[in-house]
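Asker: I need the structure of the sequence given here:
(one chain, ligands or ions: 1)
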Amino acid sequence: MDLFIINRYTGDAEDNIATQESVHLLKLKQAIEDRKKASSQKLGSESCEPATKNEKHEDNSELQIDNIYVDVEQNPLKELKEKVVITNVEKTNIINEFKVLGSSDFEKKPKVERVLPYWLSHAYSVSKNLQKLKCNVEDQAWLHSTLKKTLASEGVFKLFPVQEQVIPFILKEQSLPAPLWPHDVCVSAPTGSGKTLCFVLPIIQSLMPELGHHIRALVVLPVQELATQVSAVFRKYCTNTGLKVALLSGASQLQKEQQQILKNTETHGWISTVDIIVCTAGRLVEHLQNTEGFTLKYLKFLVIDEADRIMDNIQNDWLYHMYKHIQLEGHASNKIAQLNWDFICNTRNPPQKLLFSATLSPDPELLEQWGLFQPKLFSVAPISDTLDKNSKKYSTPDELKEQFVTCSTEEKPLILYHFLVEQKWDKVLCFMNSGQSAHRLTVLLNNWAEGKIKVAELSASLDRSSRENVLKKFRLSEINVIVSTDALARGIDIPDCNFVLSYDPPKNIKTYVHRVGRTGRAGRLGNAVTFLVQNQLQMFKEILQSGGKENISQIEFTSNMLEPLIDSYQRAIQFTKVSIQSEIENKVKKSIELKRGAKQKARKRKLSENKSNN
Ligand SMILES: Nc1ncnc2c1ncn2[C@@H]1O[C@H](COP(=O)(O)OP(=O)(O)OP(=O)(O)O)[C@@H](O)[C@H]1O
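Answerer: Numbers count the residues shown, from 1 in each chain. Down below sits the predicted model:
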């Protein structure tokens, strides 16, 4: 600590002070003399203005160096109001004697940087090149022949880079001899890079040898559609393995789900009829709390897909309930205070956690809540040692061409129509920020295109079967354009989507990455265009920068390209207003009828009750 320097008495210090003072006085006198000479020369040659306190002294090199002035009021030559300038050398002497509080010569303390833990800063680097694949499925000795056959039947002959690295790693960890626990795994790889098979294949292969009556793998997803999609992949790859998969997502009633996964036997009590459960976080908690016999005691794998999204939107505090349940079943807690040989030998190891996302944030504080055991990270984006704001955070597929277009709000629908109808962009996903505006745009485009293209909407306001129907028709090319809210932005795998349009710009970088990631999947080409009104341009650039993305190219438009569309657009607007108005009237009518029906039913019930009482 050098804040205070205390000058102590050291015997001859007084003498020193006296000599120092006299030297100092001499110097001051000399400076005054010099100053006098200089000013008298100046008076003679130029003007008669006295020097002001802050005046700069350009004629004296010594004086130029520093501008510290001291009034010498006690001086006999008071009327001259001389200012004395202390040179740098003198100043250094003074500073060496006393530390002046508040002076600007404090040393700047080096900035403390947050340093990432080793496992985050030293991730296994994964290639995102899906064009030159080297890993032949057939040649992989570590992969079970049954899985190889299923992969071939699905048209998968080469593994993607992330699969080539992650699958053997998980298998190796699972084969560690007791009492060693497997490392947990985090995977951050671009959208469409094949993350699903990274957990599906090793889980199936590890569970295959021992068939039993226990839930041994639990896969948690943020939304119903994703859970349905992942359970379908599991079912496909479980063919000929004897393993059974259940989907718990709220798509069917709780009771039905309970009957599907558990059986009460006379000899063994409650047993599980499935090995793998794919569920949404919310539904998991319902089963943990309400389903008799539901146990995670034998859990070997816990997969959290879209891990960052699941944490953003904690459903029913599921993580707390799940960890509590796992711990009560005798597994080690997710926060291990002291890890030693004795502890490992005497504690049941927690399930191996596998976390996946295209936007997994390398923020240790966020990852801390998962309670990972000696985790290993597989990442496509390079991560620097520190939490540097400029480090590249999220990576998009190489096959994806990202662009933006700037226009006025009025021009937006015209440009969209130009893309869809005049340039014949097909298999388009168009994102909007609200369900209501998605509906309006769908009605407008259908009215305007007069059958040239088919547009459907997809938002949370539709029920599950309608949503599935829309996706099916899109896959079969019966629908050319889906106008969607961000309900579809994550994880949904639509193999043939050619264009992603953000009609409303995304609100943050994660939404952007997941939206554009619906195209350019599995090595196919894709295009993403973001529509921006002039005042959104800066915000969009900041969003891109926050994800470490470079600037993307702009599509230029001239107004004469759009002029021919204005008449038909105005007609379509009129039709749209009429159809939306009639939709509203129909809805009101229906709700009135429903209320009337309910009242009549109640009245009839009362009448029949009265009759029976009489
Ligand atoms: N090795 C492979 N060869 C060919 N196609 C593959 C291979 N692996 C996966 N795919 C296909 O690639 C597509 C994308 O895979 P997947 O859905 O697993 O991507 P993802 O990384 O999970 O994407 P997202 O982050 O958007 O969820 C799927 O249609 C899948 O069938």
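Asker: my read is that residue 351 contacts residue 302, right?
Answerer: Yes: counting by CB atoms under 8 Å, residue 351 does reach residue 302; the two are 4.3 Å apart. Where C-beta positions appear, they are placed from N, C-alpha and C, glycine not excepted.
Asker: does any bit of stretch 287-305 sit next to the ligand?
Answerer: No: contact of stretch 287-305 with the ligand (CB under 6 Å from any ligand atom) is absent, the minimum separation being 7.3 Å.
Asker: looks like residue 191 contacts residue 397 (just checking).
Answerer: Yes: applying CB under 8 Å, one finds residue 191 in contact with residue 397, separated by 6.7 Å.
Asker: now do the shared contacts for the two.
Answerer: 517, 520, 521 (CB atoms under 8 Å, 6 or more residues apart in numbering).
Asker: which one of those is nearest to residue 366?
Answerer: Using CB to CB, residue 517 comes nearest to residue 366 of those, at 20.5 Å.
Asker: and that closest one, what does it touch?
Answerer: Neighbouring residues of residue 517 by CB under 8 Å, 6+ apart: 190, 191, 192, 358, 396, 397, 400.
Asker: what's the longest helix seen in the chain packed up against?
Answerer: As assigned by DSSP state H, the longest helix anywhere in the chain is helix 566-613. Helix 566-613 is packed against helix 411-417, helix 435-449, with contacts defined by 3 or more CB pairs under 8 Å, 6 or more residues apart in numbering; DSSP states H and E.
Asker: pLDDT of it, averaged?
Answerer: The average pLDDT within helix 566-613 is 85.
Asker: restricted to helices, list the contacts of residue 517.
Answerer: Judged by DSSP H, these include no members of helices.
Asker: just flag the most distant two among the residues you listed.
Answerer: 358 and 400 (11.8 Å).
Asker: those two: who's more crowded?
Answerer: residue 358 (26 against 20; other CB atoms under 10 Å).
Asker: mind listing what the more buried one touches?
Answerer: So residue 358 contacts 188, 189, 190, 191, 193, 195, 394, 395, 513, 514, 517 (CB under 8 Å, 6+ apart).
Asker: go again using 7 Å as the cut-off
Answerer: Counting by CB atoms under 7 Å, 6 or more residues apart in numbering, residue 358 makes contact with 189, 190, 191, 394, 513, 514, 517.
Asker: you'd agree the second one is up against residue 398?
Answerer: No: in this structure, residue 190 is not within contact of residue 398 by CB atoms under 7 Å, at 8.5 Å.
Asker: can you list residues touching both of the two?
Answerer: Contact criterion CB under 7 Å, 6+ apart; residues shared by residue 190 and residue 398: residue 128.
Asker: between these two, tell me which one has more neighbours.
Answerer: Under the neighbour definition other CB under 10 Å, residue 190 and residue 398 were set side by side, and residue 190 has more, 26 against 15.
Asker: look up the pLDDT of the more buried one for me, please.
Answerer: We have a pLDDT of 91 for residue 190.
Asker: contacting residues for it?
Answerer: Residue 190 makes contact with 128, 358, 380, 395, 396, 397, 517, according to CB under 7 Å, 6+ apart.
Asker: how about those in TSV, adding distance to the ligand?
Answerer: As requested, the contacts of residue 190 are exported to TSV (distance: CB to the nearest ligand atom, whole Å):
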residue	distance to the ligand
128	10
358	4
380	10
395	11
396	11
397	9
517	5
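Asker: which stretches of the stretch 301-450 of the chain form strands?
Answerer: Using DSSP state E, counting those that start in this stretch, the strands of the stretch 301-450 of the chain run over 301-305, 352-357, 376-379, 400-407, 428-431.
Asker: how about these in TSV, adding mean pLDDT?
Answerer: Shown next, in TSV, are the strands of the stretch 301-450 of the chain (pLDDT from 0 to 100):
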stretch	mean pLDDT
strand 301-305	94
strand 352-357	94
strand 376-379	92
strand 400-407	94
strand 428-431	96
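Asker: can you say which of those is nearest to residue 445?
Answerer: strand 428-431 (8.8 Å).
Asker: how about that closest one, does it reach the ligand?
Answerer: No: using CB under 6 Å from any ligand atom, strand 428-431 stays clear of the ligand, with a minimum separation of 12.5 Å.
Asker: and the contacts of that strand?
Answerer: The list of residues contacting strand 428-431 from outside it, by CB under 7 Å, 6+ apart, reads 420, 480-484, 486, 489, 497-504, 515, 518.
Asker: the ligand contacts on this structure?
Answerer: Proximity of the chain to the ligand (CB under 6 Å from any ligand atom) is limited to residues 156, 158-160, 163, 191-197, 358, 491, 493, 495, 517, 521-522.
Asker: repeat the analysis, applying 5 Å as the threshold.
Answerer: By CB under 5 Å from any ligand atom, the residues of the chain that approach the ligand are 156, 159-160, 191-196, 358, 491, 493, 517, 521-522.
Asker: compute the number of surrounding residues for residue 601.
Answerer: So residue 601, with other CB under 10 Å, has 10 neighbours.
Asker: which phi and psi does residue 455 have?
Answerer: Torsion angles at residue 455 (phi, psi; degrees, to the nearest 10) stand at phi -120, psi 140.
Asker: hey, what's it bridged with?
Answerer: residue 481 (DSSP bridges).
Asker: does it touch residue 441 like I think?
Answerer: No: judged on CB under 7 Å, residue 455 makes no contact with residue 441 at a distance of 8.1 Å.
Asker: identify the contacts common to these two.
Answerer: By the contact definition CB under 7 Å, 6+ apart, residue 455 and residue 441 are jointly contacted by residue 483.
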